[in-house]
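*Asks:* sequence first, predicted coordinates after that:
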Amino acid sequence: MLTNSAIDLSIGVIPFIGDIFDLWFKANTRNMNLMKRRLTDPTASTRDDWLVVGGLALAVIGTIVLVAWFIARLVGAVLGALS
């Protein structure tokens, strides 16, 4: 559901093209169908569910690595300027 909303938001901000995309994509309708499917069988998980979880895990790990790299570069630059 978050993916549908994120796609809708990111493309929907483009003038004119976003409006046409909103007419075609219908994120709210897709989200409603996902919710109905989940309510009828709450224990069912799909491959897409696991792909989203894996993608989010990779995004979190990537963010941590990027922040650690940035801090290391910043500390290196500060120490280089002080010496």
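*Replies:* Happy to help now that I have it.
*Asks:* C-alpha from now on. contacts and neighbour counts both.
*Replies:* Fine.
*Asks:* just the helices in this structure please.
*Replies:* Assigned by DSSP state H, the chain shows helices spanning 2-12, 17-25, 27-40, 47-82.
*Asks:* angle of the third one against helix 17-25?
*Replies:* In other words, helix 27-40. Helix 27-40 and helix 17-25 are oriented at 30 degrees to each other (axes from the mean of the first three to the mean of the last three CA atoms, to 10 degrees).
*Asks:* centre of the chain versus helix 27-40, how much separation?
*Replies:* From the chain centre to the centre of helix 27-40 is a distance of 19 Å (CA atoms, centre = their mean, to the nearest Å).
*Asks:* what average pLDDT does it get?
*Replies:* For helix 27-40, the mean pLDDT works out to 86.
*Asks:* may I have that helix as PDB, with CA atoms only?
*Replies:* Extracted in PDB, the C-alpha atoms of helix 27-40 (Å, rounded to 0.1, in the frame of the first residue of the first chain):
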ATOM      1  CA  ALA A  27      -3.600   4.100  -6.100                       C
ATOM      2  CA  ASN A  28      -6.600   4.300  -3.800                       C
ATOM      3  CA  THR A  29      -8.400   1.600  -5.700                       C
ATOM      4  CA  ARG A  30      -5.300  -0.600  -5.700                       C
ATOM      5  CA  ASN A  31      -4.900  -0.100  -2.000                       C
ATOM      6  CA  MET A  32      -8.600  -0.900  -1.400                       C
ATOM      7  CA  ASN A  33      -8.200  -4.200  -3.300                       C
ATOM      8  CA  LEU A  34      -5.100  -5.100  -1.300                       C
ATOM      9  CA  MET A  35      -7.000  -4.400   1.900                       C
ATOM     10  CA  LYS A  36     -10.000  -6.500   0.900                       C
ATOM     11  CA  ARG A  37      -7.700  -9.400  -0.100                       C
ATOM     12  CA  ARG A  38      -5.800  -9.200   3.200                       C
ATOM     13  CA  LEU A  39      -9.100  -9.100   5.200                       C
ATOM     14  CA  THR A  40     -10.400 -12.200   3.400                       C
END
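*Asks:* and for it, what's in contact with it?
*Replies:* Helix 27-40 is contacted from outside by 1, 4, 5, 8, 44, using CA atoms under 8 Å, 6 or more residues apart in numbering.
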